[in-house]
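[1] turn this into a structure:
(chains A and B)
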Amino acid sequence: MKRLTLLLFCIVLFAIEATAQLTTIKGIVTDTAEKKPLPNSVVALLTSKDSVFVTHTRSTKDGSFELKGIPTGSYFLLITYPTFADYYTNINVKDENPIVLNSIPMTLRSQLLQEVVVRQQLGAVRIKKDTTEYVADSFKVAANANVEELLKRLPGVQVDKDGKIKAQGEEVKKVLVDGEEFFGDDPTMATQNLRADAIDKVQVYDKKSDQAAFTGIDDGQKTKTINLKMKEDKKNGYFGKVSLGGGLKDKYNNQAMVNAFKGKRKFAAFATMANNGRTGLGWGDQSAYGGSDNSNIEFVDGGVSITSYGDDFGGGGSFYGEGLPSSWTAGVHYSNKYDEDKHKLNFSYRFNKLNTNGSGGTTSQYILPDTFYFRNDNGNNFSQKLRNSLNGTYEIQLDSSSSLKVTANGSKGTSQNKAFNYSESLTDKNAFVNRSFRTTSSNGTNEAFNSSILWRKKFKKVGRTVSLSFDQKYSSSSTDGFLNSDNQYYDGAGSLIRKDSIDQQKINNSSQRFVSGKVSYTEPLSKTVFLEFNYSLGNSNSESERITNEKKNGKYDQYIDSLSSDYGFKVLTQSVGGNIRWNKKKFNASMGGNISNSDFRQTDLIQDTVYKYNYLNFFPRANFNYNIKPQTRLGLRYNGSTQQPTIDQIQPLKDNNDPLNVRKGNPNLKQEFRHNFSLSYNDFKILNNRGIWAYIDFTSTQNAISNSDFVDTLGRRVTQPVNVNGNYNYYSYFNYGFKLKKSDFNIGFNAGINGSQYNTVVNNLKNRSTSGSYSLGVNGNYRKEKKMEFNIGIDRGYNTSKASINTNLNNNYWNTSVNASATYYLPKKFEISSNVDANFRQKTPLFQQNRNVTRWNASLSKKFLKDESFVMKFEVNDILDQNIGFSRDISSNNITERTYQTLRRFWLVSFTWNFNKGGKAPRSPFE
Amino acid sequence: MKKILIPILSFLLPILTEAQTFIAKGKIEFERKINVHKQFEGEGEWVQEMKSQIPQFKITYFDYFFDGDQSCYKPGREVADAKSPGFFEVGVAQDNIVYTNFASQQFTSQKQVFEKQFLIQDSVRKINWKLTDDTRKIAGFNCRKATGIIMDSVFVFAFYTDEILITGGPEGFSGLPGMILGIAIPRINTTWFATKLELVPIAPKDLAPPTKGKKTNVPDLQKSLLSSLKDWGKYAERNVWQVML
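    Got it, this is the predicted structure:
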């Protein structure tokens, strides 16, 4: 249609050039009643074929007009004048002879006779007042047919070859979709682009003119109109995925998930089982099959923040812990919306089971004044966690300005742990100080129930809001376990001087009940300045019971007072806060803070004694964001916070689970105060594809709660928390990236500087540990849509550390990492992809083991069927069989390196089938 | 809003006793309304959640000054906004200034496109408007509806009045036999409607063409945009339309 118009235009233009037959149209516009000329009337020339506007002029003082340079063709002349009826006339320009129209009579609209409309009635379909309604589904059309096809089947409606529609004998000039005026106002745009099966009803009626609708006075001008009512449940169908994967000897990764939806009702179910490192639904599948109760979306100034909560069953569907995981998950999710989305209901059930088998070892150097000793710890463990949980959310839009949201969730679970550890302490001359063989086991149950109610109201004044919330939390856990330990102590020369063994039963029961309420209010002071207030009150009641029974005569019935306790805690917290916020176009800033009072009451239920503590905590905040230019932003932030000691830090509750490392409380402990500053700078040029990011974060702590260690000659360490000054840490990150001109190659450089200073007390001497790490990196990526993708990153870093009590020790080291990945799309829907992750860690005088690992993975996959719904994949993980879990920490006077078992070489063949009917998995734009 | 009838074209008076006036200069305020929610139709669960947190419409005001055959469209009064959605939701080229000289059929516009400010100089876009018989009252003026297509496939619905002599409109729209007081572009979920006409004196500075930005023309800007956004998929299209209006 559009092309045709263009073509016609070209022909017309061509005609002009070829023959240069241009003419003039002249005339005079007059008012018929007053017999006066009408100056300034619009005289517009339209093509008669499709009413395309060609040119116009305004009539002069005497009502005359002259349209010059009109090529041959057939036209409409449209003359308009306010309050007068439109005047139309056909004009055929055949040659260059001027066309002279004599006086053109215009008539006042008010004098026009009302047009009489004869309404036809059709019996076969529903007729409501002056609307004829067809129920779309009762007229059969081919699958995938468009609305035009549907209209052709409706009695009384005709569609010609150009898409023009006639209903009840009149031309339909308007096609509305769900009564909307703009979308699809060009009739063919709607009728040819919408699927017939998305239509619920077709309504044909005479639409009053906009003017009549505006004034309420029927002027008789009517337009034959079709309104297409879309089906409420136009999104009706299901989609899902079944994936089976296996590899010898014992690897598997199986998943099945389905989401069936009908309009706004959504029902989803999934089940997974895997021991290849997957622990449930991945990031992308989570929102489609699992509901979104694990994530939270919030609008912060200038951006969107998405928070996704992981839990101890693995976050984002991957296992990050130590050891080899086997995971089973299953869940159902139901959600629905009612009454034009005013009511929303969400409900989900989850089952999780995670078994982990692991083994690992830690080598550490404990730096003492003038000397040090080593500690080696090796062990293996098995753990099993099982949980059933239920979640429900109900949200009601009470009216246009207020809403209520109720959430509740509960869970019940069990846990089981078994561990065997061997640890040894050695002097700097490699002589034994002590050795310990330890077996621990425990079985536990836990349950939790949380609920909350949130009411929010927005007032008419922009920026005035009030919200009220109530929260309730309950949790309890109990474990029953055993500790078996054989300990040997040596003198400095390596001869055994003492032995002891422990065989105890450990029973722990704890419960916590918490209720709180919060009210917050925002008030606009001006269009750009807002005040915020909040007040909250919370009460927590908890109980913690520890029972230690020593084995005697084959029975665990010897109650040990010193290792048993039963405490009750009550904490009443009140908090008041205020904040002032500026929202300007160029910058936004806020300043404020909270003051909170915590009142502790601790009851020793065995001794029947009561301790009371009262802390007043401050939380000042300030924030400044400056938009230097679009996409160039500078941010400054300050956060101050008082951190009160935990009960474990105050109370001398003895815990002998590791008899060589005993913790002790300090009742004189003061609160610490943290100052945190951060500075961020982003400059992103979209048109030039160039970005700069910089971030600096600095934290300094007054009265920091640190540790005072006392190590006796037998290598037993007693740790007690103390307050120290001068602790700080910082980190910074710089990135510069750009796209190479006229290519698809992106290059980035980054640098990072991190450092810290921690003060501790070691055997009554002050120690200051300073550490730093400096890194430089370069990365590149190349991408050619549907052809190939390639990424590479190389990072090199240097790590330093120094302890003031013993400056002779050198633990500095280099580390280098190389990451590369490539995907290549081969013909016949084959796809090959591989990635290499290599880490090189320099040996140090203490850590002499080779910790270099190159992990290489590769996969080959092929998609089948026209819609690529069937995928077969062969993958090999860690082809070189080198992978180890690794961490090294040199930031304090306790230098440690830990390595642990992790997934190594295995292969897997998997078959995945994606199915869908009437819908596809909703995608997130952030993927 | 009642139409302000002030006889400014006094030379008409002797002839026309019934004071039908035609306006040759003044200031029109436009309200641009972007349906932010509509832009996320059919997206995933998270986006639905996001929608519930932002207001459905983003409203901005613009002033259109016109005198004889020159006009200038520029950002107008600011509205209170507790939380203004960032460019992610409403797109680029939001605060354009467009100067048009109808005698020479040339325009100069200033647009902020991401990090760069452009000064676009080119001839006025020709749209093949189709006139319809639909009318609608906007800011007290009777307007006739016309439809057109820009950039090959983007439908534009315009409402113009013959009571204002200049043949302009908001942003760069023009080419109808009168002043465009309403524009709707469904593809970018945006409408511009006049809220009022003020017959105020027009100072030369009101009609001063913009001067800042990197000089370019329509084809060059479109070319550089398309190459910069080529990895953006369907989000590129929307941004290109918004810039190239």
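[2] which ones are touching residue A:85?
    A:106, A:107, A:108, A:109, A:112 (Cβ atoms under 8 Å, 6 or more residues apart in numbering or on different chains). To be clear about C-beta, it is placed using only N, CA and C from the backbone, and glycine gets the same treatment.
[3] next SSE after the least confident helix or strand in chain B by mean pLDDT?
    Every helix and strand in chain B was compared by mean pLDDT, DSSP states H and E; the lowest is helix B:87-90, with a mean of 52. Proceeding N to C from helix B:87-90, the next assigned helix or strand is strand B:97-101, under DSSP states H and E.
[4] circling back to that earlier point, buried subset of the contacts of residue A:85, written for ChimeraX?
    Entered in ChimeraX, the line below selects the buried ones among the contacts of residue A:85, by 16 or more other Cβ atoms under 10 Å in any protein chain shown:
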select /A:106,109
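[5] which two among the contacts of residue A:85 are spaced furthest apart?
    Farthest-apart pair in those is A:106 and A:112; separation 11.1 Å (Cβ to Cβ).
[6] chain A: helices as residue ranges?
    Listed in chain order, the helices found in chain A under DSSP state H are A:2-19, A:147-153, A:187-193, A:210-215, A:283-289, A:647-650.
[7] lowest average pLDDT across those helices?
    Of all the helices of chain A, helix A:210-215 carries the lowest average pLDDT, namely a mean of 43.
[8] where does pLDDT dip in the stretch 501-650 of chain A?
    Residue ranges of the stretch 501-650 of chain A with pLDDT under 70: none are present.
[9] tell me the residues of it that contact chain B?
    Taking Cβ under 8 Å from any Cβ of the partner chain as the criterion, the stretch 501-650 of chain A approaches chain B at residues A:522, A:524, A:527, A:528, A:530, A:583, A:585, A:629, A:630, A:631, A:632.
[10] per-residue confidence for residue A:804?
    So residue A:804 comes in at 89 (pLDDT).
[11] roughly how far apart are it and chain B?
    Using Cβ to the nearest Cβ, to the nearest Å, residue A:804 is found at 48 Å from chain B.
[12] again with residue A:839
    Here the distance between residue A:839 and chain B works out to 31 Å (Cβ to the nearest Cβ).
[13] how many residues are close by residue A:320?
    Residue crowding around residue A:320 was assessed by other Cβ atoms under 10 Å in any protein chain shown; the count is 11.
[14] list phi and psi for it.
    Main-chain torsions, residue A:320, degrees, to the nearest 10: phi -110, psi 0.
[15] that one and chain B: what is the separation?
    Distance from residue A:320 to chain B, by Cβ to the nearest Cβ: 23 Å.
[16] ok, that residue to residue B:133 distance?
    67 Å (Cβ to Cβ, to the nearest Å).
[17] residue A:409 too?
    Per Cβ to Cβ, residue A:409 is found 59 Å from residue B:133.
[18] which of the two has more neighbours?
    More crowded of residue A:409 and residue B:133, by other Cβ under 10 Å: residue A:409, with 17 against 14.
[19] look up how far residue A:554 lies from that one.
    Using Cβ to Cβ, we find residue A:409 at a distance of 44 Å from residue A:554.
[20] check residue A:739 too.
    To residue A:554, residue A:739 is 75 Å away according to Cβ to Cβ.
[21] also residue A:47?
    Taking Cβ to Cβ, one finds residue A:47 at 107 Å from residue A:554.
[22] higher neighbour count, these two?
    Between residue A:47 and residue A:554, residue A:47 has the larger neighbour count (other Cβ under 10 Å), namely 19 against 6.
[23] doesn't residue A:55 make contact with the more buried one?
    No: contact status for residue A:47 versus residue A:55: not in contact, 10.9 Å apart, counting by Cβ atoms under 8 Å.
[24] what are the boundaries of the strands in chain B?
    B:25-35, B:57-67, B:70-75, B:97-101, B:106-113, B:116-123, B:130-138, B:141-150, B:154-161, B:179-185, B:190-198, B:214-216 (DSSP state E).
[25] next, format those as CSV and append distance to residue A:368 and mean pLDDT.
    Converted to CSV, these look like this (distance: least, Cβ to Cβ, whole Å; pLDDT from 0 to 100):
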stretch, distance to residue A:368, mean pLDDT
strand B:25-35, 67, 91
strand B:57-67, 65, 91
strand B:70-75, 69, 94
strand B:97-101, 72, 95
strand B:106-113, 63, 93
strand B:116-123, 61, 93
strand B:130-138, 85, 82
strand B:141-150, 78, 89
strand B:154-161, 75, 90
strand B:179-185, 75, 93
strand B:190-198, 71, 92
strand B:214-216, 66, 94
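[26] would you reformat those strands as a markdown table and include distance to residue A:336?
    Below are the strands of chain B laid out as a markdown table (distance: least, Cβ to Cβ, whole Å):
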| stretch | distance to residue A:336 |
| --- | --- |
| strand B:25-35 | 25 |
| strand B:57-67 | 27 |
| strand B:70-75 | 43 |
| strand B:97-101 | 47 |
| strand B:106-113 | 43 |
| strand B:116-123 | 47 |
| strand B:130-138 | 39 |
| strand B:141-150 | 39 |
| strand B:154-161 | 35 |
| strand B:179-185 | 33 |
| strand B:190-198 | 32 |
| strand B:214-216 | 51 |
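[27] using a markdown table, lay out the ones you listed together with distance to chain A.
    Compiled in a markdown table, those are given as follows (distance: least, Cβ to the nearest Cβ, whole Å):
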| stretch | distance to chain A |
| --- | --- |
| strand B:25-35 | 10 |
| strand B:57-67 | 11 |
| strand B:70-75 | 10 |
| strand B:97-101 | 15 |
| strand B:106-113 | 6 |
| strand B:116-123 | 5 |
| strand B:130-138 | 4 |
| strand B:141-150 | 6 |
| strand B:154-161 | 6 |
| strand B:179-185 | 4 |
| strand B:190-198 | 7 |
| strand B:214-216 | 10 |
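[28] just those: most buried one?
    Highest mean neighbour count among the strands of chain B (mean count of other Cβ atoms under 10 Å in any protein chain shown): strand B:179-185, with a mean of 25.
[29] so what strands line up beside that strand?
    strand B:154-161 (antiparallel), strand B:190-198 (antiparallel) (DSSP bridges).
[30] what's the angle between the last one and strand B:70-75?
    What it means is strand B:190-198. 120 degrees (axes from the mean of the first three to the mean of the last three Cα atoms, to 10 degrees).
[31] and strand B:190-198, how far out from the chain middle?
    Strand B:190-198 sits 9 Å away from the centroid of its parent chain (Cα atoms, centre = their mean, to the nearest Å).
[32] brilliant, that's me finished.
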